[in-house]
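K.L.:
got a predicted structure here, sequence first:
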Amino acid sequence: TYEGTGLLQLVEDAFTSGASALVVAGYDAEATGDVAYILQNSDQFASDLAGKTEVTVRGKTVEGSVV
């Protein structure tokens, strides 16, 4: 991640077949808190998150998919 950004990533079959892991990371504590905010208010961001397995977060907004 870059300064001021965070990452939210769903990893399927992470540790075993059929199991998923959710990666929540940020450049610093503030960026990690922004990602946590997105998770806590996921209903508000449902359209931004729908169908995506990895997104970047900046300032409590979902910026888009990570390639």
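P.N.:
Nice, I can see it. Residues are numbered from 1 along each chain as shown.
K.L.:
so what's Val66 scoring on pLDDT?
P.N.:
On pLDDT, Val66 comes in at 60.
K.L.:
ugh, wrong one, Tyr2
P.N.:
Note for Tyr2: predicted pLDDT of 85.
K.L.:
what's the burial count for the residue nearest to it when sequence neighbours are not counted?
P.N.:
In this structure, Tyr2 finds its nearest non-sequential neighbour in Tyr27, 6.3 Å apart by Cβ to Cβ, 6 or more residues apart in numbering. Backbone N, C-alpha and C define where each C-beta goes, glycine included. Neighbourhood size, Tyr27 [other Cβ atoms under 10 Å]: 16.
K.L.:
contacting residues around Tyr27?
P.N.:
The neighbourhood of Tyr27, defined by Cβ atoms under 8 Å, 6 or more residues apart in numbering, consists of Thr1, Tyr2, Glu3, Gly4, Thr5, Gly6.
K.L.:
repeat that for 10 Å
P.N.:
By Cβ atoms under 10 Å, 6 or more residues apart in numbering, the contact list for Tyr27 reads Thr1, Tyr2, Glu3, Gly4, Thr5, Gly6, Leu7, Asp34, Arg58.
K.L.:
which one of those residues sits in the busiest neighbourhood?
P.N.:
Across the contacts of Tyr27, neighbour numbers were computed from other Cβ under 10 Å; Gly6 holds the maximum, 28 neighbours.
K.L.:
what about Val23, distance to Thr32?
P.N.:
If you measure Val23 against Thr32 using Cβ to Cβ, to the nearest Å, the figure is 11 Å.
K.L.:
hey, what's in contact with both of these two?
P.N.:
Once Cβ under 10 Å, 6+ apart is applied, the residues that Val23 and Thr32 both contact turn out to be Leu7.
K.L.:
tell me which of the two has more neighbours.
P.N.:
Thr32 (17 against 12).
K.L.:
ok, now which ones touch that one?
P.N.:
Thr1, Gly6, Leu7, Val24, Ala25, Gly26, Val57.
K.L.:
let me know the closest of those to Ser17.
P.N.:
Ser17 has its nearest neighbour among these in Val24, at 22.9 Å by Cβ to Cβ.
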